[in-house]
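[1] what would the 3D arrangement of this be:
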Amino acid sequence: MSTPCLMVGVAVGCLTFVGSNAAHAQGTPGDGPNVRQMVTGLEGGSGSAIGPDGALYVTETAAGRISRVDPESGEITTVAEGLPKEMIGIGGAMDVAFIGDTAYVLVTLVGEDVGGSDAVGIYRVDGPDRFTVVADIGAFSSQNVPSNAAIDVPSGVQYAMEPHGEGFLVTDGHHNRLLSATVDGEVSELMAWGNTVPTGLAMSGDTIYMAEAGPIPHTAEDGKIVSFELASPTVSDVASGARLIVDVELGPDQRLYALAQGDWAGDGAGGPAEPDTGALLEVDENGAFTLIANGLNLPTSLEFVGGTAYVVTLTGEILAIDVP
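    Numbering: from 1, shown residues only. Coordinates of the predicted model:
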């Protein structure tokens, strides 16, 4: 998936909510693959996941809602609503993921440090309008604020989560770290970095792939996909050269793909990037990106079903893109 820049200074970059979409990649798009608009009208599209039934599940930050989207027909069904909504233009229900048949939602930027009163963390979906906070990430983050950077939001700006063991790995794009949060409420810091702005996550076996948007002004050199294993502190660059990368996913034949929001518009921290400059990119064996589709408008997260990539956008659309 994906997160926000928010006006929190150099420690956080423009992420999913307010980012843009352009990437500088090898090759030219030509006519490009078949890109079609499958869904419109979502209220602030953000994170996504493929559920146990094979459908696409999407968070809507402005509505505090989780929606199910049939990948064939595009039919939308409300799964749950009543989650905290975004308060400052970003935040709220950021991402969704499953452990077995149970859905969990990552909620951020709704706590007292931004004028709210809700818990920042992971919510279990118990029913159409019932939720249980299983991991209070905001409380942990506020009690363990990084000391190596200027922090404006003690509870952090969590961006994406990935199921792991009995819980989740969670990126924080403001505190620049990777957290572990179990469904029993245990939260801990696994890794921390400088101002890299970690965003989306993907896993293959014991290998974790992570997207980095990089600090403002989100240069192509700072836009990276990196990999590491939790048992080792070594982080390796997998690919670089795209502006404001917000998600990474494994696609057909376990090939690796990145979603870039694009050219930052320069309107200050938290300001949007240029419209229609996003890109879907494939990682090649030389650590560079091959362009699959460009001109995407404010993409936030990426999922695959077979040979089709589904891209959720901040503007409330879902695009279906056939990859080679």
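
[2] residue ranges with poor pLDDT in the chain?
    Residue ranges of the chain with pLDDT under 70: 1-33, 267-273.

[3] show me where it has its helices.
    In the chain, the helices defined using DSSP state H lie at 137-143.

[4] show me what contacts residue 118?
    Contacts for residue 118 (CB atoms under 8 Å, 6 or more residues apart in numbering) come out as 84, 107, 110-111. Using the backbone N, CA and C atoms, a C-beta is placed for each residue, glycine as well.

[5] again, only this time at 10 Å
    Residues in contact with residue 118 (CB atoms under 10 Å, 6 or more residues apart in numbering) are 64, 83-85, 87, 92, 107, 109-112, 133, 138.

[6] can you mark which positions in stretch 215-232 are buried?
    Neighbour counts over stretch 215-232 (16 or more other CB atoms under 10 Å) mark 215-216, 218, 220, 222-228 as buried.

[7] ah, wrong one, I meant stretch 196-213
    Along stretch 196-213, these residues count as buried under the neighbour rule (16+ other CB under 10 Å): 196-202, 208-213.

[8] pick the one among these closest to residue 286.
    Checking those against residue 286 by CB to CB gives residue 209 as the nearest, at 16.9 Å.

[9] pretty sure the closest one is touching residue 250, no?
    Yes. Shown here, residue 209 and residue 250 form a contact pair, counting by CB atoms under 10 Å, at 7.6 Å.

[10] now do the shared contacts for these two.
    Shared contacts of residue 209 and residue 250 (CB under 10 Å, 6+ apart): 202-203, 256.

[11] can I get those in a markdown table including distance to residue 293?
    Shown next, in a markdown table, are the shared contacts of residue 209 and residue 250 (distance: CB to CB, whole Å):
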| residue | distance to residue 293 |
| --- | --- |
| 202 | 19 |
| 203 | 24 |
| 256 | 16 |
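
[12] so what's the nearest residue to residue 108 once chain neighbours are set aside bridging to?
    In space, and not counting its chain neighbours, residue 108 is closest to residue 158: 4.3 Å by CB to CB, 6 or more residues apart in numbering. Note on residue 158: beta-bridge partners residue 172, judged by DSSP bridges.

[13] what is the burial count for residue 158?
    Applying the criterion other CB atoms under 10 Å, we find 28 residues in the vicinity of residue 158.

[14] residue boundaries of the strands in the stretch 201-324 of the chain?
    Applying DSSP state E, counting those that start in this stretch to the stretch 201-324 of the chain gives strands spanning 207-212, 224-228, 236-240, 245-250, 256-260, 278-283, 289-296, 299-305, 308-313, 318-322.

[15] ditto for the stretch 1-150 of the chain
    With DSSP E, counting those that start in this stretch as the criterion, the stretch 1-150 of the chain has strands at 35-39, 45-50, 56-60, 65-69, 76-81, 92-99, 102-108, 121-127, 130-135.

[16] and for the fifth one, what are the contacting residues?
    Contacts of strand 76-81 with the rest of the structure, by CB under 10 Å, 6+ apart, involve 39-42, 51, 55-58, 60, 63-70, 93, 96, 103, 105, 123, 125-131, 318.

[17] write the ChimeraX selection for whichever of the residues you listed are buried.
    Paste this into ChimeraX to select the buried members of those, with burial taken from 16+ other CB under 10 Å:
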select :39,42,51,55,56,57,58,60,63,64,65,66,67,68,69,93,96,103,105,123,125,131,318
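
[18] can you list the buried residues in stretch 81-94?
    So stretch 81-94, judged by 16+ other CB under 10 Å, has buried residues 83-88, 90-94.

[19] cool, and stretch 127-145?
    131, 133-142, 144.

[20] the residues you listed into JSON lines, with extra columns for distance to residue 192?
    JSON lines is the format used below for the buried residues of stretch 127-145 (distance: CB to CB, whole Å):
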{"residue": "131", "distance to residue 192": "29"}
{"residue": "133", "distance to residue 192": "24"}
{"residue": "134", "distance to residue 192": "23"}
{"residue": "135", "distance to residue 192": "18"}
{"residue": "136", "distance to residue 192": "20"}
{"residue": "137", "distance to residue 192": "15"}
{"residue": "138", "distance to residue 192": "17"}
{"residue": "139", "distance to residue 192": "18"}
{"residue": "140", "distance to residue 192": "13"}
{"residue": "141", "distance to residue 192": "12"}
{"residue": "142", "distance to residue 192": "16"}
{"residue": "144", "distance to residue 192": "10"}
